[in-house]
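Undergrad: Kindly return the folded structure for what I paste below:
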Amino acid sequence: MRISEIKKIVDGTADPAYVLDPQGMICAWNLAAAELFAMDSSDTLGRSCSDVVRGVDECGMSCNENCSILHCARNHEPVRSYDIQVTAAGRQIWCNASVIILKSDASDGPYTLHVLRQSDVQKRLELTMRDFVASSAGASISDASRVLAAGSSPTANVDLTKRETEILRLLSRGMTTNGIAEDLFISPTTARNHIQKILKKLSAHTRLEAVRRAERAGLI
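TA: Numbers count the residues shown, from 1 in each chain. Next up, the predicted model:
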């Protein structure tokens, strides 16, 4: 796919959307994104996503140059939608982000299309409930998150296989796909498939988020 075609896709999207090149620099920015962030394309093109969006995920991880989304794109691994708090026009707003990996004519890797949908009220209510549970019960934030997860998501009761639990523990130690494959005597492809299943079961978009959710839910 050519860059001009990629830009047409972004311009034809009603929701705030932008495209990152293989290096994580913004190369397309639509009108809806300009309205949300109060920044025209002339202010964003050529800048890093982390510098413009300044996102923080629900695990408290800030966007940085070591972007896990770009890492997934380079490995052609699908990315699940996720919640992220962005800084827009001086305000912090929760959005749900969807990412599409776009194959391009560039030889240095794929481009990524990011589409944002505001979910600020819903997300803030969720976090307020978490803090209320923690305060009322004298529990920690992580314990409160676990209690809420038990009623609002399948994380606490997710059915992981023995192999998936093994792989999650190895991921928690910072092991790579190849390292996991060598340790468990399986192929990298098999290891990658297991990891994708784990992400799906935990509704996580990154390996770190999967590990943190599993730890909070007492799965590992």
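
Undergrad: And the next helix or strand past the biggest strand by length in the chain?
TA: For the chain, the strand with the greatest residue count under DSSP state E is strand 91-102. Using DSSP states H and E, the helix or strand that follows strand 91-102 in sequence is strand 111-118.

Undergrad: What helices and strands are in contact with that following strand?
TA: Packed against strand 111-118 by the contact rule (3 or more Cβ pairs under 8 Å, 6 or more residues apart in numbering; DSSP states H and E) you find helix 3-11, strand 17-20, helix 31-37, helix 68-74, strand 91-102. Backbone N, C-alpha and C define where each C-beta goes, glycine included.

Undergrad: and that strand with helix 3-11, angle?
TA: Calculated by axes from the mean of the first three to the mean of the last three Cα atoms, to 10 degrees, strand 111-118 forms an angle of 10 degrees with helix 3-11.

Undergrad: what about the closest residue to Asp40 other than its chain neighbours, neighbour count?
TA: Using Cβ to Cβ, 6 or more residues apart in numbering and skipping residues adjacent in sequence, the residue nearest Asp40 is Ala34, 5.2 Å away. Close neighbours of Ala34, defined as other Cβ atoms under 10 Å, add up to 17.

Undergrad: quick one: pLDDT of Ala34?
TA: With respect to pLDDT, Ala34 has a value of 97.

Undergrad: any idea how far Cys95 is from it?
TA: 15 Å (Cβ to Cβ, to the nearest Å).

Undergrad: Equivalent analysis for Asp51, please.
TA: As defined by Cβ to Cβ, Asp51 lies at a distance of 17 Å from Cys95.

Undergrad: Please say which of these two ends up with more neighbours.
TA: Here Asp51 and Cys95 are compared on neighbour count by other Cβ under 10 Å; more neighbours surround Cys95, at 23 against 14.
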